[in-house]
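Peer 1: Here is the input, now give the coordinates:
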Amino acid sequence: MSAPVKFGLWYDFRNPAPSKYSFEDLYSEYLKQIAWAEGMGLQSVWLTEHHFVEDGYTPSPLVVAAAIGECTRSMQIGTNLMLLPLADPVRLAEDAATLSILTKGRFDLGVGLGYRELEFNYFKRDLKHRPSLMEEGVEILRQAWSGKPVNVQGKRYAVHDLPVRPVPKVTPKILMGGMAEPAIARAARIGDGFLSTGGIGHDVYIKALEAQGKPRSAGAIYAGHWGIISADPEAETRKVAPYALYQTNAYVSWGAFGPPDQVPLFPTGEAALRDGLYEVWDGDTAVRELVKLLTDYPEIRDVHFWAQLPGEPMDQGNARIEYLATQVLPRVRAALPPVRAAR
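Peer 2: Down below sits the predicted model:
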């Protein structure tokens with residue numbers, strides 16, 4: 001059965017040099033933007049995590065999520081995504097429970113495996129242990145929020161009769177991301193939903209549900225979309241090209257899309273926008289493509305777009321958010337069945 005879909009924004013809080021903003025000012029501006037976007041009708045906000053990045057890529061998304069909870073009233077707050085294998089899952093369970101309490105149930109925890117060797121080395125985790133760290137971590141999270149003592153004896157964690165408090169009234173969903181087939185199949189098997197990136201893996205997720213004897217209606221997709229939507233796509237391409245190049249090539253160099261020595265960097269921002277995950281659309285194209293996406297995949301519960309590319313001026317992001325909220329999403333909602341057109 002179809003379910004309501006939310007539309008939202010995605011943030012990494014990066015501040016590459018040279019920047020006119022201090023981190024204090026950048027965070028303040030982003031929080032104002034999020035509160036303003038809620039007033040414009042955006043319904044969710046998503047945060048992502050990395051560590052030891054010169055531009056300050058969000059290392060503490062749960063702290064930011066608490067601040068967002070204070071400046072919003074109805075937005076669903078989620079992570080797309082946090083790196084569960086790097087975390088102490090008991091501590092993460094405590095923090096996520098606290099966020100659920102503070103936001104009155106508006107927080108969901110999205111997690112993924114991670115891939116940067118630098119991060120794993122510092123946090124004393126082995127990259128090859130990621131699957132077991134993920135599976136045992138999810139089990140600890142679920143037990144921690146059950147109100148019963150945690151008991152897990154696994155390859156990576158041993159937790160015995162540990163009471164974890166507070167217990168949230170609304171249990172956060174555990175959403176799981178990934179682009180590789182085993183990670184997507186894991187999301188179908190033990191997650192409450194699948195976090196997709198750039199449309200990758202939707203079909204794989206549906207097939208994984210079916211392979212496990214689950215109906216499609218049991219699935220839930222939370223789609224991180226790389227759409228750049230503007231009334232004038234050519235002009236927008238010129239504006240965002242350097243920021244898109246920076247964003248995409250950073251992920252390529254870290255190994256997000258495969259071994260860095262096997263995946264070439266994009267030569268120009270225009271190439272990144274044309275051949276990467278981005279979709280540069282005008283309003284009519286966006287309406288058509290989003291309606292098709294949501295029709296083809298009734299499992300989608302949320303579609304969220306990058307609010308700002310790294311280093312991009314705030315007014316550019318604001319203009320796209322306003323265009324999305326006023327010129328695109330009302331038409332998308334009008335074209336969907338009433339049950340899907342959540343407001």
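
Peer 1: can we go C-alpha only for contacts and neighbour counts from here?
Peer 2: Noted.

Peer 1: can you tell me how far V291 sits from L133?
Peer 2: Distance of V291 to L133, computed by Cα to Cα, to the nearest Å: 37 Å.

Peer 1: Kindly report the same for R73.
Peer 2: Between R73 and L133 the computed distance is 34 Å (Cα to Cα).

Peer 1: what does L99 give?
Peer 2: 23 Å.

Peer 1: and R73 and L133? which has more neighbours close in?
Peer 2: The neighbour comparison of R73 against L133 (other Cα atoms under 10 Å) goes to L133, with 24 against 14.

Peer 1: Quick check: that one touching P85?
Peer 2: Yes - proximity of L133 to P85 meets the contact threshold set by Cα atoms under 8 Å, at 5.1 Å.

Peer 1: can you tell me which residues contact the residue nearest the centre of the chain?
Peer 2: For the chain, the residue nearest the mean C-alpha position is N80 (2.1 Å; Cα atoms, centre = their mean). By Cα atoms under 8 Å, 6 or more residues apart in numbering, N80 lies in contact with W10, W46, L47, T48, G110, V111, G177, L195, G224.

Peer 1: doesn't the second one fall inside a strand?
Peer 2: Yes - looking at W46 with DSSP: H, G, I helix; E, B strand; the rest coil, it is inside a strand.

Peer 1: got the residue ranges for the strands in the stretch 1-150 of the chain?
Peer 2: For the stretch 1-150 of the chain, strands defined by DSSP state E, counting those that start in this stretch occupy the ranges 6-11, 44-47, 76-79, 82-83, 107-112, 150-153.

Peer 1: I meant the stretch 201-343 of the chain, not that one.
Peer 2: Under DSSP E, counting those that start in this stretch, the stretch 201-343 of the chain gives strands at 221-225, 227-229, 279-281, 300-306.

Peer 1: most packed of those strands?
Peer 2: strand 221-225 (a mean of 24; mean count of other Cα atoms under 10 Å).

Peer 1: Could I get the average pLDDT for that one?
Peer 2: For strand 221-225, mean pLDDT is 98.

Peer 1: Any idea which of the strands of the stretch 201-343 of the chain gets closest to V63?
Peer 2: Relative to V63, the nearest member of these by Cα to Cα is strand 300-306, separated by 19.6 Å.

Peer 1: strand partners of that closest one, parallel vs antiparallel please.
Peer 2: Note on strand 300-306: by DSSP bridges, its sheet partners are strand 6-11 (parallel), strand 221-225 (parallel).

Peer 1: Could you count how many residues lie near the closest residue in space to L86 that isn't next to it in sequence?
Peer 2: Sequence neighbours aside, F123 is the residue nearest to L86 in space, at 6.2 Å (criterion: Cα to Cα, 6 or more residues apart in numbering). A total of 12 residues lie near F123 under the criterion other Cα under 10 Å.
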